[in-house]
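# Just the structure for this:
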Amino acid sequence: MGRQYSLAYLTVLGCPPPEQIYIAGRAGYDYASLRPIYMGLPGEPDFSLKPGSELMRNTKTAMAETGVGILDIELARIVEGMDMPKYEAACAAAAELGAKHLLTSIWTEDRTFYIDKFGEVCDLAKRYGMTADLEYVPIAGVRNLRAALDVLNAVARDNMGLMIDLHHFHRAHDAVEDLAAVPRELFHFCHLCDAPAEIPADPNEMTRILREARSYVGEGGIDVASILDAMPEITCSIELPNVSRSRVLGNAEFAARCLETAQAYLSKHPRRSPA
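This next block holds a predicted model:
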């Protein structure tokens, strides 16, 4: 079996889960990565998958008709005032759909607090048969590989994971050599995308690219092949928000091109050595 791919929610921002799954199926993705945890952001739709709801029924129908599975759900943010009952409801729904992973990230500087809460998120995910995968983000509280590994070493749960987003890895100035030294069992999936090689000095510009202007794989300046080679051959969830392209192409065509360009790049850059 070759490398498998998931269609991440931010690539088709605003798509309800059934539509996202149908788009993924038509484009040739193996999985979809959903966002059923409502974050209350301006203009954000609420795609909470409540038991017995029409949205849940339609999501299951889309999965059955396409064969697309659910890789992970997002985003269990670790932040002051976090709503664990809401996260638990999302995990229960995700387990009903066969999801494998719960994605989390840390948006506070209080180490004592976030170490404790990440442990709680791991325990919650385990009750529903999922891993809890920590993503570091350069504009968040835990913003680089070193800080993420500090959290994982402190918490030491058997279902925890490290989720590398290639954009964030590059923007954090992290080193491939350090990534290659991370225990293999911590890797479950990654976020695949590209971006310009030059790292913006202005945090607002970094945030703009992160949220709405990432590049097709092979189009930017990130050494995608080397980063992937430093990890096991895990599923790549293509998280590639690009507002201008998705508006012009439409979500379905844009998602298809994201997958096509990623596969074309990786066919030209086969793994150099097993990780």
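# correct me, but E233 touches R271?
Yes: the pair E233 and R271 passes the contact test of CB atoms under 8 Å, sitting 6.9 Å apart. Just so you know, the C-beta spots here come from the backbone N, C-alpha and C atoms, and that holds for glycine as well.
# So for the two, which sits in the more crowded spot?
Counted by other CB atoms under 10 Å, E233 and R271 do not tie: E233 has more neighbours, with 15 against 12.
# Need the pLDDT of the more buried one.
As summarised for this prediction, E233 has a pLDDT of 95.
# Ok, P270 next?
89.
# The stretch 1-150 of the chain: strands as residue ranges?
All strands of the stretch 1-150 of the chain, identified by DSSP state E, counting those that start in this stretch, fall at 5-8, 31-34, 69-78, 101-106, 131-135.
# Pairing partners for the first one, with directions?
Yep, that's strand 5-8 we're talking about. strand 31-34 (parallel), strand 235-238 (parallel) (DSSP bridges).
# so how far is the last one off the chain centroid?
In other words, strand 235-238. Averaging C-alpha positions (CA atoms, centre = their mean, to the nearest Å) puts strand 235-238 8 Å from its chain's average.
# just use 19 as the starting number from now, easier for me
From this message on, residue numbering opens at 19, which makes the last subject strand 253-256.
# Can you list the buried residues in stretch 47-64?
Going by neighbour count (16 or more other CB atoms under 10 Å), the buried part of stretch 47-64 is 47-55.
# quick one: average pLDDT of that stretch?
The pLDDT scores in stretch 47-64 average 91.
# contacts for it?
22-27, 32, 34-35, 38-39, 42, 65-67, 86-95, 104-105, 108, 111-112, 117, 121, 253, 255-257, 273, 277 (CB atoms under 8 Å, 6 or more residues apart in numbering).
# Could you do stretch 185-200 as well?
For stretch 185-200, using CB under 8 Å, 6+ apart, the contacting residues are 153-156, 161-164, 167, 180, 182, 209, 211-213, 217, 224, 227-228, 232, 240-241, 244-245, 247-249, 293.
# same thing but 7 Å
Stretch 185-200 is contacted by residues 154-156, 161-163, 167, 180, 211, 213, 217, 224, 228, 232, 240, 244-245, 248-249, 293 when judged by CB atoms under 7 Å, 6 or more residues apart in numbering.
# among these, which ones are buried?
Here, 16+ other CB under 10 Å leaves 154-156, 161-163, 167, 180, 211, 213, 224, 228, 232, 240, 245, 248-249, 293 buried among those.
# remind me which residues of the stretch 19-168 of the chain are low pLDDT?
In the predicted model of the stretch 19-168 of the chain, residues 19 satisfy pLDDT under 70.
# how far away is the nearest residue to K144 once chain neighbours are set aside from V194?
Here the nearest residue to K144 in space, its sequence neighbours aside, is N177; by CB to CB, 6 or more residues apart in numbering that works out to 4.6 Å. N177 sits 26 Å away from V194, taking CB to CB, to the nearest Å as the criterion.
# and if you look at S233?
Taken as CB to CB, the span from S233 to V194 is 19 Å.
# and the gap between V30 and S264?
7 Å.
# and if you look at G32?
9 Å.
# tell me the contacts of K118?
89-90, 148-149.
# With only the CA atoms kept, save stretch 236-249 in CSV.
What follows is stretch 236-249, C-alpha atoms only, in CSV (Å, rounded to 0.1, in the frame of the first residue of the first chain):
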residue,chain,number,x,y,z
GLY,A,236,6.6,21.5,-4.5
GLU,A,237,5.6,25.1,-5.4
GLY,A,238,7.1,26.7,-2.3
GLY,A,239,10.5,26.6,-0.6
ILE,A,240,10.0,24.1,2.2
ASP,A,241,12.2,21.0,1.9
VAL,A,242,9.1,18.7,2.0
ALA,A,243,11.0,15.5,1.1
SER,A,244,13.6,15.8,3.8
ILE,A,245,11.0,16.5,6.5
LEU,A,246,8.8,13.5,5.4
ASP,A,247,11.9,11.3,5.3
ALA,A,248,12.6,12.1,8.9
MET,A,249,9.3,10.5,9.9
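# And the contacts of that stretch?
182, 184, 187-188, 194, 197-198, 205, 208, 212-215, 235, 279, 283, 287, 289-291, 293.
# Check stretch 93-108 too.
53-55, 57, 91, 120-126, 132, 135-136, 138-139, 142.
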